[in-house]
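S.K.: Generate a structure from the sequence data that follows.
(2 chains)
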Amino acid sequence: MSTATAAPASPSAPEAASARRRRKVRERLPIYLAISPFYLLFAVFGLFPILFSIVLSFTDWDGMGDISFVGLAQYQFLLSDGRFWNAVGNTFIIWFLSTIPMLFFALVIAFLLHQNIRFTKVYRVAFFLPNVTSMVAMAIVFGSVFSDTFGLVNSALTALGLGSIPWLSTSWGIKVTIAIMVIWRFTGYNAIIYLAGLQSIPTDLYDAAKVDGANLRQVFTRVTVPMMRPIILFTVITSTIGGLSLFTEPQVLLGNSGGAGEAGMTIVLYQYNQAFTQFDFGYGSAIAWALFLIAAVFAIINWRLVSGRSDAADRTPRRKEARR
Amino acid sequence: MSTTTTPGPVAPVPSAGGAEPRSSSPVGSKHPVASRRIGAIVTHLCVIIGVLLSIFPFYWLIVMSTSTTAEIFGYPPKLTFGSSFGENVRNVVASVDLLQALLNTIIVSGACALLVMFFDSLAAFAFAKFDFPGRTPLFILLIATMLVPGSLSLVPSFILMSELGWVGTLQALIVPGAANAFGIFLLRQMAAGSIPDELVESARIDGAGFFRTYWSVGVPMLRGGLAFLGIFTFITAWNDYVWPLIVLVDPQRQTLQTALQNLNSLYLTDYGMVMAGALISVVPLIGVFIIGSRHFIANIAAGAVKG
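M.R.: Here you go, the predicted structure:
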């Protein structure tokens, strides 16, 4: 439609125009065919389940008998379900315990790797390795390293005369252990991203700052941080999504129960628990939508925080763009 | 750098460090080479500590999978390799069908990788190099689908699979993941930047249809991106856990991850054996990653920086 050749060359020949239109359709058919697989698969395995899960969340169904509609009862139950709110609290505590050290270490590693030292490529592979490894296997390894009775960490603490810590049987021990697994797995990933961000800052920006007499701190706050802001936002958002959907680490480490006092029960583990061990499909779906709502609110807060701080830090004309 | 003519107080310092003259920075004027070397050594030391922390769990996995359970439980812990790896592996194979699980995982990961490479590049090429009604809204829709969290559809997807009769089958893992928005988006950005319009146009003038043009122009030009997407999809499918855990109900038909978790929960006391199973599930993947690491790391980073 937008192509320039659509102008009628000879208005006296409508047949030629229709032939052209037919040829156009024949040319475009393969293109629509080429893009169709994704949309078909999404319609069947993405969109339909999502719509269906809205319906399910208004029902009480175990997957076998009749579906009975219960209106908002699942959501009402959810609001007063202490186990659900415990899972929400756990998820946020673990997210907080893991994300801040993780992004801090990642920034330090990226900064060090940016110093043009040798073997950077080998280091990058080593740092990235945890991120591509199966978390089931590594959760088993961490489970033995942090074992209360024979774990390596407690052996070391005992050898140092510090006394052992019941990592896997106390509320905080469980959360810290899960957070350490998350930190271990994602620090290298975020460091590689920060490193690419550092490398993408044009060197003449630094030169210009230097010419203007900026000191190191000013260079860091006025050049490095503003240029890195979109990348930091990216890593905060991906860690938020990952943190809120935490499942494998607690499930393999502690089982479906979430450990002592459900201290390692996360939102997705609780959803799995309700839907696939209790076969409460209706409540499982309600939990999924509650998680979606929490994630959406959280994403907006993140966005506001990161782009809001940018307004305060440097009052440049970019401010309007950042607000979108 | 030395060409500066600003009359500021910093200008006349000839050192290459660029730091303030009286700062604590070791890049001073007396022994620039020596102090720079010390700085480099400190940097290396910090990095190496990080690398060791990063690598240590793998080392420990090997130690445990070559030790007997008694050795693992012992105090003080033995920090070197043992000699029981063969026995541990024999025990694994006798307990769960890990070889079948390995085969299943290779089938699922390989099929997902190939299908995603094909369908995604096809769509990406169409979006990048052809104009058609609905192109922009369709692409925006595609990006919007990436924002939908996967855990939202676990329950209804399971119900759908049971209606289709796919519960317990490998196609329940392969078909839903045969094309994805992430890969189409990534390859479209690459194709838009790297494939010249003239090439597409000349193929059209030569009478090549869409598919011929895709095959002779698009695929060769997108080789790097396709390699990355293939490795990325393979690794993601290999490590997928929640969905196989839900849909693979048949204990005879598992992937490595779910078989390993079965091993872990059933034979918790035989640590040496469980660790040997964990090692088997990790090693092929590490191989794939190290072979493709150059492509892989560069593309992951580029995706974040540009996106």
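
S.K.: And the closest residue to A:Gly197 other than its chain neighbours, what's its pLDDT?
M.R.: Counting by Cβ to Cβ, 6 or more residues apart in numbering or on different chains, A:Ile231 is the residue found nearest to A:Gly197 once chain neighbours are left out, at 3.9 Å. Placement of C-beta: from N, CA and C, glycine included. We have a pLDDT of 88 for A:Ile231.

S.K.: again, but for A:Phe92
M.R.: For A:Phe92, pLDDT reads 95.

S.K.: now whatever helix or strand it lives in, how far from the centre of its chain.
M.R.: Element membership of A:Phe92 [criterion: DSSP states H and E] is helix A:82-113. For helix A:82-113, the separation from the chain centroid amounts to 11 Å (computed by Cα atoms, centre = their mean, to the nearest Å).

S.K.: what does stretch A:293-306 give?
M.R.: 12 Å.

S.K.: With stretch B:41-54 instead?
M.R.: Distance, centroid of stretch B:41-54 to centroid of chain: 23 Å (Cα atoms, centre = their mean).

S.K.: and what of stretch A:102-118?
M.R.: The mean C-alpha position of stretch A:102-118 is separated from the chain mean by 22 Å, Cα atoms, centre = their mean.

S.K.: Just the C-alphas of it, formatted as PDB.
M.R.: What follows is stretch A:102-118, C-alpha atoms only, in PDB (Å, rounded to 0.1, in the frame of the first residue of the first chain):
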ATOM      1  CA  MET A 102      25.200  -9.200  43.000                       C
ATOM      2  CA  LEU A 103      25.100  -5.900  41.100                       C
ATOM      3  CA  PHE A 104      27.800  -4.300  43.300                       C
ATOM      4  CA  PHE A 105      30.200  -7.200  42.700                       C
ATOM      5  CA  ALA A 106      29.300  -7.200  39.000                       C
ATOM      6  CA  LEU A 107      30.200  -3.500  38.800                       C
ATOM      7  CA  VAL A 108      33.500  -4.100  40.500                       C
ATOM      8  CA  ILE A 109      34.400  -7.000  38.300                       C
ATOM      9  CA  ALA A 110      33.400  -5.100  35.200                       C
ATOM     10  CA  PHE A 111      35.600  -2.200  36.300                       C
ATOM     11  CA  LEU A 112      38.600  -4.500  36.900                       C
ATOM     12  CA  LEU A 113      38.200  -6.200  33.600                       C
ATOM     13  CA  HIS A 114      38.000  -2.900  31.900                       C
ATOM     14  CA  GLN A 115      41.500  -2.000  33.000                       C
ATOM     15  CA  ASN A 116      42.900  -3.600  29.800                       C
ATOM     16  CA  ILE A 117      44.500  -6.400  31.800                       C
ATOM     17  CA  ARG A 118      45.700  -9.600  30.100                       C
END
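
S.K.: Could you pull up the residues touching residue 258?
M.R.: Because you didn't say which chain, this covers chain A. A:87, A:90, A:250, A:264-266, A:269-270, A:273 (Cβ atoms under 8 Å, 6 or more residues apart in numbering or on different chains).

S.K.: Let me rephrase: I mean chain B.
M.R.: B:101, B:241, B:244-245, B:248.

S.K.: Swap in 10 Å and give it another go.
M.R.: A:136, B:96, B:101, B:104-105, B:240-241, B:243-248, B:251 (Cβ atoms under 10 Å, 6 or more residues apart in numbering or on different chains).

S.K.: circling back to that earlier point, which one of the contacts of A:Gly258 is nearest to chain B?
M.R.: Nearest to chain B among the contacts of A:Gly258: A:Leu269, at 9.7 Å, using Cβ to the nearest Cβ.

S.K.: tell me which strands and helices whatever helix or strand that closest one lives in is in contact with?
M.R.: Assessed by DSSP H and E, A:Leu269 sits inside helix A:267-272. Applying 3 or more Cβ pairs under 10 Å, 6 or more residues apart in numbering or on different chains; DSSP states H and E, one finds that helix A:267-272 contacts helix A:82-113, helix A:248-254, helix A:281-313, helix B:154-164, helix B:242-247.

S.K.: and that helix, average pLDDT?
M.R.: Helix A:267-272 comes out at a mean pLDDT of 95.

S.K.: circling back to that earlier point, now the buried members of the contacts of B:Thr258.
M.R.: In these, burial by neighbour count holds for A:136, B:96, B:101, B:104-105, B:240-241, B:243-248, counting by 16 or more other Cβ atoms under 10 Å in any protein chain shown.
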